[in-house]
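*Asks:* Curious how this folds, go ahead:
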Amino acid sequence: MILTPSRVTSRNYAAETQFHYPKSKLHYIVRIMQEFELCFMLDAKTYVIPQLLPVQEPDVVRGGSVLHFDIDFPDFLPDSFFPRLIVKLHMYIEGEQRWRTGMVLHKPSIFNAQARVRWDKEDQKILVDVCGEERRRLLSFIRETVKEIAAGFNSLKYNELVPVPDCNDTQDYSYLVDAEKAGETEIFVQALKKRVPISELLDGVEEPAMRDDVEQLPVKAFVSYAHKDLEHLKALRSALAPLIRLQKLELWDDRDINAGDAWEKVLFQQLEEADIVLCLVSSDFVASDFAIKKNFLPHWKPTAAARKTLFLLCYARQTGKIYLCPAYKAHLATGSLPPPTKTKPGQKFQNHCARF
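*Replies:* Have a look, this model is predicted:
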């Protein structure tokens with residue numbers, strides 16, 4: 001379809017126009033929308049577009065004390081910002097508790113906490129209410145995700161506002177951090193007419209280690225995998241996203257090699273500097289001489305004197321899942337897999353890994 005100026009400027013253009021795309025192009029269009037974080041896949045046949053979600057906010061039941069945190073955009077908050085935040089955090093949304101300007105995050109297997117995240121379009125703010133034992137960790141994860149999206153915009157400024165207990169006042173997070181680093185221990189809060197410890201305000205929204213430069217040094221992990229298992233590598237990265245965004249983990253694989261670099265030199269340099277080595281083991285990995293002889297065997301030293309920690313992440317094609325296990329070290333050394341058994345598909349493999 002070609003859009004002429006007269007048609008585009010028509011007031012009723014959007015309402016009266018229907019777009020029809022050939023079915024052969026639908027998958028391509030959806031892929032592009034996913035690439036630009038305009039939608040996410042709910043299941044094999046369903047995709048969710050945040051900007052088309054219902055407007056009405058559902059009833060949200062929260063338990064325990066609630067931590068409030070505001071992220072203020074003083075100049076402007078792009079309309080695409082919050083939909084992208086929904087897409088990035090969709091794996092943590094509780095059930096169907098998502099609407100056009102908000103969502104509820106709750107995934108106990110990762111964070112023992114629940115968060116309601118809302119978009120205040122009028123005041124240009126993102127409002128976060130968190131409860132649960134690990135509310136500070138979940139809040140830090142949300143803040144890092146916001147930071148990641150904001151970095152993609154040119155000079156997009158925002159302020160993080162720390163709530164002051166026992167009043168409705170807030171303090172700028174950056175100012176509190178700078179004051180603490182400068183040796184200040186207290187700040188005067190006019191609403192309370194008294195001085196409040198800075199550490200008390202900051203510790204209320206994040207763990208002290210998050211502000212410790214030494215504690216914040218991430219663990220460097222080198223990932224070895226077969227290129228045929230690229231989709232499983234992406235799944236692994238997605239599962240480790242909380243640690244990566246919280247700057248606890250730095251994940252490296254050969255896709256991080258820049259064009260024109262001496263790839264083998266860079267690869268082995270990263271392997272040498274890594275704190276841990278993750279091997280995504282599958283039949284294709286075992287069949288790769290480079291992966292086994294160059295990546296795996298030199299670091300397979302199950303002794304107390306081992307220089308690195310080696311983890312085997314084994315992909316079971318029968319179940320489509322990835323397991324963490326010691327997995328067949330004798331067979332890997334010879335480049336072969338265990339003989340098949342008469343057990344149900346994946347059963348013995350799961351039992352073996354469960355014991356580990």
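*Asks:* neighbours of Ile110, just the number please.
*Replies:* Around Ile110 there are 18 other residues, counting by other C-beta atoms under 10 Å. The C-beta positions use only the backbone N, C-alpha and C, and glycine is treated the same way.
*Asks:* Just the element for Ile71, please.
*Replies:* Element membership for Ile71 (DSSP states H and E) is strand 66-72.
*Asks:* any idea of the mean pLDDT for whichever helix or strand comes after that strand?
*Replies:* Toward the C-terminus, strand 66-72 is succeeded by helix 81-88 as the next helix or strand (DSSP H and E). Taken as a whole, helix 81-88 has a mean pLDDT of 96.
*Asks:* Report the buried residues of helix 81-88.
*Replies:* 81-88 (16 or more other C-beta atoms under 10 Å).
*Asks:* okay, those in TSV with distance to Glu207 next?
*Replies:* Converted to TSV, those look like this (distance: C-beta to C-beta, whole Å):
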residue	distance to Glu207
Phe81	26
Phe82	26
Pro83	30
Arg84	27
Leu85	22
Ile86	26
Val87	27
Lys88	22
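*Asks:* and which of these is nearest Glu148?
*Replies:* Set against Glu148, the nearest of those by C-beta to C-beta is Lys88 (7.5 Å).
*Asks:* Not counting sequence-adjacent ones, nearest residue to that closest one?
*Replies:* Excluding the flanking residues, the one nearest Lys88 by C-beta to C-beta, 6 or more residues apart in numbering is Thr145, at 5.4 Å.
*Asks:* what's the offset of stretch 273-288 from the middle of its chain?
*Replies:* Relative to its parent chain, stretch 273-288 has a centroid offset of 22 Å by C-alpha atoms, centre = their mean, to the nearest Å.
*Asks:* residues of that stretch that come out buried?
*Replies:* Buried, per 16+ other C-beta under 10 Å, within stretch 273-288: 274, 277-282, 284-286, 288.
*Asks:* on that earlier part again, just confirm the residue nearest to Lys88 is within a helix.
*Replies:* Yes. Per DSSP: H, G, I helix; E, B strand; the rest coil, Thr145 lies within a helix segment.
*Asks:* List the strands paired with the strand holding Ile71, with their directions.
*Replies:* Partners of strand 66-72 in the sheet, by DSSP bridges, are strand 125-132 (antiparallel), strand 159-163 (antiparallel).
*Asks:* among these, which is nearest Thr101?
*Replies:* Evaluated with C-beta to C-beta, the strands paired with strand 66-72 place strand 125-132 nearest to Thr101, the distance being 10.0 Å.
*Asks:* Compute the inter-axis angle for that closest one and helix 81-88.
*Replies:* Angle, strand 125-132 to helix 81-88, by axes from the mean of the first three to the mean of the last three C-alpha atoms, to 10 degrees: 30 degrees.
*Asks:* can you list the residues that contact stretch 235-246?
*Replies:* Identification of contacts with stretch 235-246 by C-beta atoms under 8 Å, 6 or more residues apart in numbering yields 91, 110-111, 137, 140-141, 144-145, 148, 210, 223, 249-251, 278, 280, 313, 322.
*Asks:* Helices - which of these land there?
*Replies:* Among those, the residues falling in helices (DSSP state H) are 137, 140-141, 144-145, 148.
*Asks:* between these, which is nearest Pro50?
*Replies:* Thr145 (14.3 Å).
*Asks:* remind me which residues of the stretch 51-200 of the chain are low pLDDT?
*Replies:* Flagging of the stretch 51-200 of the chain using pLDDT under 70 yields the residue ranges 62-64.
*Asks:* how about stretch 148-167: buried residues?
*Replies:* Buried-residue list, stretch 148-167, by 16+ other C-beta under 10 Å: 149-150, 158, 160-164.
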